[in-house]
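*Asks:* Only the shape, not the letters, is given here:
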């Protein structure tokens, strides 16, 4: 099993890169193109009747979420890559934790039923990504306040997506908007 590859990107396509490692070019499917030519990709290898496929990720967090996603019935590697291409792992974790099926269904190949299945199957497991990842919550006073009020990191990230960015309005207004939008999302 190939766990990671460090090399130089020699070719790019819409859904994959060719990564040259020690003179061998590996086709690695990626959710988004790496910015640099020299990269380290954390990989997941899938072996099927029609071939062996490598899926590569810039962070271990992305890899962990990919592996959780493909463990859900009806979600294959292409759908999982599409989800990771549409949002960061923290945003996906927040969408799953908050039950935001509409956000998940924006990914190509992911319909409403699949989005709902992801929420049901992963809601309890995905909080570990939000809580265990230091980058899951932006350096933001409002996010810190929400966590202090008892929100999980994933819930705080979801609330922050629904408010103006820092500087657009006062911190107090952003906090009030985040609390109101979270209450509406929860049906309170």
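*Replies:* Yep, that arrived. Bear in mind that the values here come from a model prediction, so they are computed numbers and not experimental data.
*Asks:* Break the chain into its domains for me.
*Replies:* 1-58, 137-185 (automatic domain parsing).
*Asks:* Now do the same contact list for residue 10.
*Replies:* 18-20, 25 (Cβ atoms under 8 Å, 6 or more residues apart in numbering). For the C-beta atoms, the positions are set from N, CA and C on the backbone; glycine is no exception.
*Asks:* Any of those buried? List them.
*Replies:* Listed as buried from the contacts of residue 10 are 19-20; burial here means 16 or more other Cβ atoms under 10 Å.
*Asks:* Looking at the contacts of residue 10, which are in strands?
*Replies:* If you go by DSSP state E, those have 18-20, 25 in strands.
*Asks:* what's the closest of the residues you listed to residue 142?
*Replies:* residue 19 (39.1 Å; Cβ to Cβ).
*Asks:* those strands in this structure, which residues are they?
*Replies:* 4-12, 16-21, 24-29, 38-48, 51-57.
*Asks:* JSON lines for those strands, including distance to residue 69 and mean pLDDT?
*Replies:* Below are the strands of the chain laid out as JSON lines (distance: least, Cβ to Cβ, whole Å; pLDDT from 0 to 100):
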{"stretch": "strand 4-12", "distance to residue 69": "19", "mean pLDDT": "95"}
{"stretch": "strand 16-21", "distance to residue 69": "18", "mean pLDDT": "95"}
{"stretch": "strand 24-29", "distance to residue 69": "14", "mean pLDDT": "96"}
{"stretch": "strand 38-48", "distance to residue 69": "11", "mean pLDDT": "93"}
{"stretch": "strand 51-57", "distance to residue 69": "11", "mean pLDDT": "95"}
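*Asks:* Can you lay out those as JSON lines showing distance to residue 76?
*Replies:* Below are these laid out as JSON lines (distance: least, Cβ to Cβ, whole Å):
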{"stretch": "strand 4-12", "distance to residue 76": "22"}
{"stretch": "strand 16-21", "distance to residue 76": "16"}
{"stretch": "strand 24-29", "distance to residue 76": "12"}
{"stretch": "strand 38-48", "distance to residue 76": "9"}
{"stretch": "strand 51-57", "distance to residue 76": "11"}
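*Asks:* so where's the protein uncertain?
*Replies:* Within the chain, the ranges that satisfy pLDDT under 70 run 127-140, 184-188.
*Asks:* the residue most distant from the middle of it, which is it?
*Replies:* Using Cα atoms, centre = their mean, the residue of the chain lying farthest from its centre is residue 23. It sits 31.6 Å away.
*Asks:* which secondary structure elements does the top helix by length along the chain contact?
*Replies:* With DSSP state H setting the assignment, residue counts place helix 112-132 as the longest helix in the chain. With contacts taken as 3 or more Cβ pairs under 8 Å, 6 or more residues apart in numbering; DSSP states H and E, helix 112-132 sits against helix 60-70, helix 89-98, helix 101-104, helix 153-161.
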